[in-house]
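got a predicted structure here, sequence first:
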Amino acid sequence: MPQIGEKLKELRGRRHLGIRELAARSGISHSAISLIERNRMSPSVETLGAILDALGTTLTGFFSDLQSRLPFSPFYRAEEFVEIGKANSVSYRMIGINHPNRQLLMLHETYAPGADTGPAFNHAAQESGMVLKGEVELTVGSVSRRLATGDGYYFDSRELHRFRNVADEPSEILSAVTPPTY
């Protein structure tokens, strides 16, 4: 990843540290730091961790920030949606799989006639969605409701829930889950 060196140099500059001072704080030689900053050497995880610790940040924070700078397109054609699961005749196609620091799972769900998600399940998130086509029965906790085209839902996913297509044709849902827990 060629941006590691540039990002390290930027962090060091924001903290007004010279290479030798960073070397003394991190225990990594100044020549190694110089090579890393110029992208002439790839640091080991231990070396990078020591440098980041001396800069007052973590590996997770460093790479999260670095990933958010990577170029990506905010647009996705239908054929670019990624199938992330197909079970019980239900297709889950994800929108935006390569978005950096994704905090939302956006799905285009397709249910064959009679298909369901299986036994009620739960996960730590919130879910919202809209039936685009057909008719789906949604059970949340002990309450069930039939949702037709244009109807929507929003619930706490920690509640046991289950989806079932009650139409004689495929049904489709556009849904969002945050945080992306499955």
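Everything's here; your move. From a predicted model like this one, the values you see are computed outputs, not experimental measurements.

which element is the residue of the chain most remote from its centre on?
Relative to the centre of the chain, the most outlying C-alpha is that of R20, 37.8 Å out, by C-alpha atoms, centre = their mean. Secondary structure assignment for R20, by DSSP states H and E: helix 19-26.

kindly report the same for T139.
Following DSSP H and E, one finds T139 within strand 135-140.

so who does the residue farthest from the centre of the chain touch?
H30 (C-beta atoms under 8 Å, 6 or more residues apart in numbering). Backbone N, C-alpha and C define where each C-beta goes, glycine included.

and it, how far from G114?
R20 sits 70 Å away from G114 when distances are taken as C-beta to C-beta, to the nearest Å.

could you do G150 as well?
Applying C-beta to C-beta, the value for G150 to G114 is 22 Å.

those two: which is more packed in?
Set side by side, G150 and G114 show more neighbours around G114, with 12 against 9, by other C-beta atoms under 10 Å.

tell me the confidence at the nearest residue to L105 once chain neighbours are set aside?
Spatially, and ignoring its direct neighbours in sequence, L105 is nearest to P180 (3.5 Å; C-beta to C-beta, 6 or more residues apart in numbering). At P180, the predicted lDDT confidence score is 79.
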